[in-house]
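Colleague: Next input, structure requested:
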Amino acid sequence: MKKILISTGGSGGHVVPALNLYNHLKNEFKVVLYTDKRGAKYFPKEIKKTIFDVKKIPDKIIFFPLKILILFFAFIKSVINMYKSRYDIIISTGGYMSLPIVLASKLYNKKIFLFEPNSIIGRSNKFLLQFSTKLLCYDVNLKGVNKKYKNKIVEVPVILNRCFYNKINETNMTNSTLKILVIGGSQSSFFFSKHLKNDIIKLASKYRIKLTQQISQGFDLNKYKLDYEKLNIENNLFFFEENFLCKNQNFDIAISRAGASSLAELTHLNIPFIAIPFPHATDDHQFLNAKRYHELNCCWILEEKNFNSGDIYKIINQIMVSKNEYSEKKKKFIKIK
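Modeller: Numbers count the residues shown, from 1 in each chain. Below you'll find the model as predicted:
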């Protein structure tokens, strides 16, 4: 049985695709997961992982010698590990800690596959592309790839957690109860927790609402719940929960950040969404993710810098008045899967 090492770290945006790959490969290969301390918090307790922490140093010239030194020692450690473990294939979904692992793998002439779920290649994957065998992604026109490496791009179908397969949301929006989902992804939902309440309350004054909302860790969930209950707004509030959509799919519309995994899951489940990209995402990749779906006429986009109280109300109220645009977006989902 061939041995595969999957390297991932940093954020949920890197870790979730790695976990999805692991779940699809583990029955046919011996798969080992490597991550750093930041990435480890996104792992379910039942999945084993090896912590390979590489301290990230600020991108300032004064710290450059220290950064090189840290990467050098991490590289030596990776070289020793590769010699002992004899992996056949290396897969990297990104993250700073993947750099020394992939470079050490190249030394042993291993097959190296990079996986990029976003609409623009991440910085680690961009650097490692020159050493890789292939780059797997969801769009052959992936942004940020040097022309000389275009031949390495392989477009693959969207890879989701196995729990999503055979699950499709067949809810049709009615005027009786409007089922709204608000999710902020692994980077939390501070902006949503702070700014969406007034729009939800305004919608509830006109329509019957059933709200399911991720609340940021910095907010009092019980206070939020009490505020909604005083206004007779049915609600299910929760803190970040990995694979939440595996167990909850019955929604009419979602308000979401624009991480690649979140948007792919909503699309698979036929849940039209309003994307509000996280504005501080590296290389603005969340906006580019949302833009790809918007160009396919699958979603609405609101940019945080231009966001005003009432924007969400206007979009959802217009949907309730005339469901033609909403229906068209659901039809588009079927075509792009």
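Colleague: Adjacent strands (with direction) for the one helix or strand residue 32 maps to?
Modeller: Using DSSP states H and E, residue 32 sits within strand 30-35. If you go by DSSP bridges, strand 30-35 pairs up with strand 3-7 (parallel), strand 50-51 (parallel).
Colleague: Which of those strands has the highest mean neighbour count?
Modeller: Of these, the one with the most neighbours on average (mean count of other C-beta atoms under 10 Å) is strand 3-7, at a mean of 23. The C-beta positions use only the backbone N, C-alpha and C, and glycine is treated the same way.
Colleague: With just CA atoms, put that strand into CSV.
Modeller: Taking Å, rounded to 0.1, in the frame of the first residue of the first chain, the C-alpha atoms of strand 3-7 are listed here in CSV:
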residue,chain,number,x,y,z
LYS,A,3,2.1,6.0,1.7
ILE,A,4,0.8,9.5,1.2
LEU,A,5,1.7,12.5,3.3
ILE,A,6,-0.7,15.4,3.3
SER,A,7,0.8,18.7,4.5
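Colleague: what sits up against that strand?
Modeller: 18, 21-22, 25, 29-35, 52, 85-93, 95, 97-98, 101-102, 105 (C-beta atoms under 8 Å, 6 or more residues apart in numbering).
Colleague: counting contacts, what elements does the helix or strand that it is followed by pack onto?
Modeller: Remark: after strand 3-7, the chain's next helix or strand is helix 12-25, criterion DSSP H and E. Under the contact criterion of 3 or more C-beta pairs under 8 Å, 6 or more residues apart in numbering; DSSP states H and E, helix 12-25 touches strand 3-7, strand 30-35, strand 111-116, helix 260-268.
Colleague: re the thing from before, what residues of the strand holding residue 32 count as buried?
Modeller: 31, 32, 33, 34, 35 (16 or more other C-beta atoms under 10 Å).
Colleague: Stretch 210-226 too?
Modeller: 210, 211, 212, 213, 214, 215, 216, 219, 221, 224, 225.
Colleague: Can you give me every residue that contacts the fifth one?
Modeller: By that I understand residue 214. 182, 183, 184, 189, 192, 237, 238, 239, 240, 241, 244.
Colleague: ok, now how distant is the residue of the chain positioned farthest from its centre from residue 256?
Modeller: The C-alpha centroid of the chain is most remote from residue 230, which lies 33.9 Å away (C-alpha atoms, centre = their mean). The gap separating residue 230 from residue 256 is 26 Å, by C-beta to C-beta, to the nearest Å.
Colleague: for residue 148, same thing?
Modeller: 36 Å.
Colleague: How far off centre is stretch 280-300?
Modeller: Its chain's C-alpha centre and that of stretch 280-300 lie 12 Å apart, by C-alpha atoms, centre = their mean, to the nearest Å.
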